[in-house]
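**Q** Quick one, what's the 3D model for this:
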Amino acid sequence: MDQRQIWWAAGLGGGALVVGGVLLATLPGHKPAPLPIRARQYTQVRACLLTDQQGVTATADAPVWAGMQDGSAASHAQVSSLPVIGPATVPNAQSYANTLIQQKCSVVLAADPLPGQALRAVAAANPKVHFVLVDHGTSAGNLAVIDAASDVRASVAKAVEGAGAAS
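**A** Numbering: from 1, shown residues only. Have a look, this model is predicted:
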């Protein structure tokens, strides 16, 4: 056989395999196995963490983020975080807190002092949003405080799950 005949034979053989596969797949009674659905179906509840510039890996934020993940797994709430970038001032942090409110976060959390001060400053003006601080302060209205000496991860998970029940 010359090289042209080999290429023709290979092309015809490959074409026959493709046609056979298509015919087999379209035969009546032949159903391919359904693909498993892996995408999580989220609810409309959004839990948002306001952090300092270090983000969710900071010492104070890591257990809060882990608790948010746990709460999301149980309730299918969406979770996200937003670091405060720029000057370490309460007015700057408030602009980031307001961003989370505009993004329709159901519950906004903070564990760092500056984001916590920003949430305290905006909480009263946003009564439909739940705010959660990891702090040693007091709760008031729509602002709940989780004691930093408690099991923060479990308490945050409950707060995220509770946000889904409240909405």
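**Q** Strands along this structure, start to end?
**A** Under the criterion DSSP state E, the chain contains strands at 46-51, 78-83, 107-110, 130-135, 143-147.
**Q** right, so those: which one is the most enclosed?
**A** Greatest average neighbour count among the strands of the chain goes to strand 107-110 (a mean of 29), per mean count of other C-beta atoms under 10 Å. Quick note: C-beta positions are derived from backbone N, CA and C, even for glycine.
**Q** Quick one: residues in contact with that one.
**A** Contacts with strand 107-110, where a contact means C-beta atoms under 8 Å, 6 or more residues apart in numbering, come from 45-51, 64, 68, 97, 100-101, 116, 118-119, 129-134, 156, 159-160, 163.
**Q** ok, now how distant is Val152 from Thr59?
**A** Distance, Val152 to Thr59, using C-beta to C-beta, to the nearest Å: 11 Å.
**Q** who's more crowded, those two?
**A** Counted by other C-beta atoms under 10 Å, Val152 and Thr59 do not tie: Val152 has more neighbours, with 20 against 9.
**Q** Excluding chain neighbours, what is closest to that one?
**A** Sequence neighbours aside, Pro63 is the residue nearest to Val152 in space, at 4.4 Å (criterion: C-beta to C-beta, 6 or more residues apart in numbering).
**Q** Ok, Ala62 next?
**A** With sequence-adjacent residues excluded and distances taken as C-beta to C-beta, 6+ apart, Ala62 is closest to Val56, at 6.6 Å.
**Q** Look at the one you found and say how many residues are nearby.
**A** Val56 has 18 neighbours, counted by other C-beta under 10 Å.
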